[in-house]
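**Q** sequence first, then the predicted structure:
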Amino acid sequence: MFSNLFVKDKKAFTLVELVVVVGIIGILSAIAIPSFRNTVYKTRQKEATTLLSSYLRSAEAYYVEFGSIVQNTSELGHFLKITGCCSVCSWDHNPKYCKSNSPMNFNDRELVSWRTDNGLYTIAMHPQAEELIYFIAYPEHEMGFQGYGVAACFSGKYGIKKIIENNNNLEKITHPPGCGENNDDWVHP
């Protein structure tokens, strides 16, 4: 009758067990969170890569049709609808601003730089010569300028379209290699 009074209840965790579980969760989160953040940045970079790839195709079509390299969004817009968040953006025009405002159509404007629809990248178009153009997608400050930029080029002279995704060295994006015949460090789209 009194035998159950002195038996301990075994249904709860001890303090040591709780500390061990919290420690394990802390270690796993320290490993997982940076990996998750990197995955998010790479996903956003793929969106920029897709945009630049479509801009390259449009620039190539323009070159074939008119015999010269596109100089601005008005010319690029002959074969593609160019939209973005804003053309002249301040720090106030962050991704939150872009999500709450409708994308603008840039086909009728002569722009060489604009912010993407979601505001995560600034696209810069750099016509270099009569037969060469670069497109560069710079990551915005909300991504911490992590170097997850994308650069692309089209050479009408050589018929080459190239794209490079950058993971850590922003210098390669700000000064991309040429689009000639001897640039093996570029990746074809």
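**A** On my side now, so go ahead. Everything numeric here is computed off the predicted structure, so don't read it as measured data. Residues are numbered from 1 along each chain as shown.
**Q** where does this structure dip in pLDDT?
**A** Counting by pLDDT under 70, the chain contains low-confidence ranges at 1-10, 87-95, 141-147, 168-178, 180-189.
**Q** which strand or helix spans the spatially most central residue of the chain?
**A** In the chain, the C-alpha nearest the mean C-alpha coordinate belongs to Gln45, at 2.8 Å (CA atoms, centre = their mean). Element membership for Gln45 (DSSP states H and E) is helix 15-66.
**Q** so what does that helix touch, helix or strand wise?
**A** Secondary-structure packing of helix 15-66 (3 or more CB pairs under 8 Å, 6 or more residues apart in numbering; DSSP states H and E): helix 73-76, strand 121-129, strand 132-139, strand 150-155, strand 160-165. In short, each C-beta sits where N, CA and C put it, glycine included.
**Q** could the ones you listed be laid out in a markdown table, adding distance to Ser54 and mean neighbour count?
**A** What follows is the helices and strands packed on helix 15-66, written out as a markdown table (distance: least, CB to CB, whole Å; neighbours: other CB atoms under 10 Å):
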| stretch | distance to Ser54 | mean neighbour count |
| --- | --- | --- |
| helix 73-76 | 10 | 21 |
| strand 121-129 | 11 | 18 |
| strand 132-139 | 10 | 23 |
| strand 150-155 | 10 | 25 |
| strand 160-165 | 11 | 20 |
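**Q** need these in JSON lines with distance to Thr83, can you?
**A** Listed next are the helices and strands packed on helix 15-66 as JSON lines, based on distance: least, CB to CB, whole Å:
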{"stretch": "helix 73-76", "distance to Thr83": "10"}
{"stretch": "strand 121-129", "distance to Thr83": "11"}
{"stretch": "strand 132-139", "distance to Thr83": "15"}
{"stretch": "strand 150-155", "distance to Thr83": "18"}
{"stretch": "strand 160-165", "distance to Thr83": "20"}
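**Q** nearest to Tyr55, out of these?
**A** Minimum separation from Tyr55 across these (CB to CB) falls at strand 132-139, 5.2 Å.
**Q** can you list the strands that the closest one pairs with?
**A** According to DSSP bridges, strand 132-139 forms sheet pairs with strand 121-129 (antiparallel), strand 150-155 (antiparallel).
**Q** take the ones you listed and lay them out in JSON lines including distance to Ile164.
**A** Putting the strands paired with strand 132-139 into JSON lines (distance: least, CB to CB, whole Å) gives the following:
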{"stretch": "strand 121-129", "distance to Ile164": "14"}
{"stretch": "strand 150-155", "distance to Ile164": "5"}
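**Q** nearest to Asn105 among these would be which one?
**A** Judging the strands paired with strand 132-139 by CB to CB, what sits closest to Asn105 is strand 121-129, at 14.6 Å.
**Q** orientation of that closest one relative to helix 15-66 in degrees?
**A** Going by axes from the mean of the first three to the mean of the last three CA atoms, to 10 degrees, strand 121-129 is angled at 30 degrees with respect to helix 15-66.
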